[in-house]
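output the structure for:
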Amino acid sequence: IITYPTTNINKLIGGLFNIEFSGRTPLAKGLLLAHRLLISQKIKNPDAIPRILLVSDGLANIPLEKPIDPLLREAIYSEAQADVLAIAKLLGKKGVKMIAVNPWHIKKWGSLIFISPTELLMFATRITGGVYIGIDIDRILTQDRYGRVRISATENKIEYIVDNIIMAIFESII
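Here you go, the predicted model:
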């Protein structure tokens, strides 16, 4: 969790551009933590409209220790992907919409066994009634001399991405 629940859009966007990418993605666990955080916030503020702004490439590769939906795990080859979809179902039932920003939007996927990471995020956002924003990685990412990947784009490109995220947040409220 980069930014805790807030109505401050600038704080959300500021946290968005300080994310480091690591390659190990406990995506389902992160979504479950966000779900629990939003439930506790809803108790404190019943009028809140819970939303999750997720920044992920969709490469879910670490399953939950205990599955939320064992039947879904049996139906989908990847336990980690099944867990993400199970959490998305849980979020959807609770009225929590997810805005997924994918900095590695993939148009082609070679595997017939695993769901494409892009498709996984698109499907999860559909389940929650949320919005998916795919970003063309070749235009916005650079790698520094230490191998860390960072967002590096023109001001116009960043402004365009931020505008889309803000629009998705507001559209999810309507």
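
is it true that residue 171 touches residue 130?
No. Counting by Cβ atoms under 8 Å, residue 130 is not a contact partner of residue 171; they are 9.6 Å apart. For the C-beta atoms, the positions are set from N, CA and C on the backbone; glycine is no exception.

comparing the two, which residue is more hemmed in?
With neighbours defined as other Cβ atoms under 10 Å, residue 171 and residue 130 compare such that residue 130 has more, 25 against 12.

tell me where this structure has helices.
9-16, 27-44, 70-75, 79-93, 117-128, 155-173 (DSSP state H).

what residues are up against the most centrally placed residue in the chain?
Nearest to the geometric centre of the chain sits residue 54, at 2.7 Å (Cα atoms, centre = their mean). Shown in contact with residue 54 (Cβ atoms under 8 Å, 6 or more residues apart in numbering): 30, 31, 34, 98, 99, 100, 101, 121.

top of the residues you listed by neighbour count?
residue 121 (30 neighbours).

test my guess that that one contacts residue 60.
No. Applying Cβ under 8 Å, one finds residue 121 not in contact with residue 60, separated by 9.2 Å.
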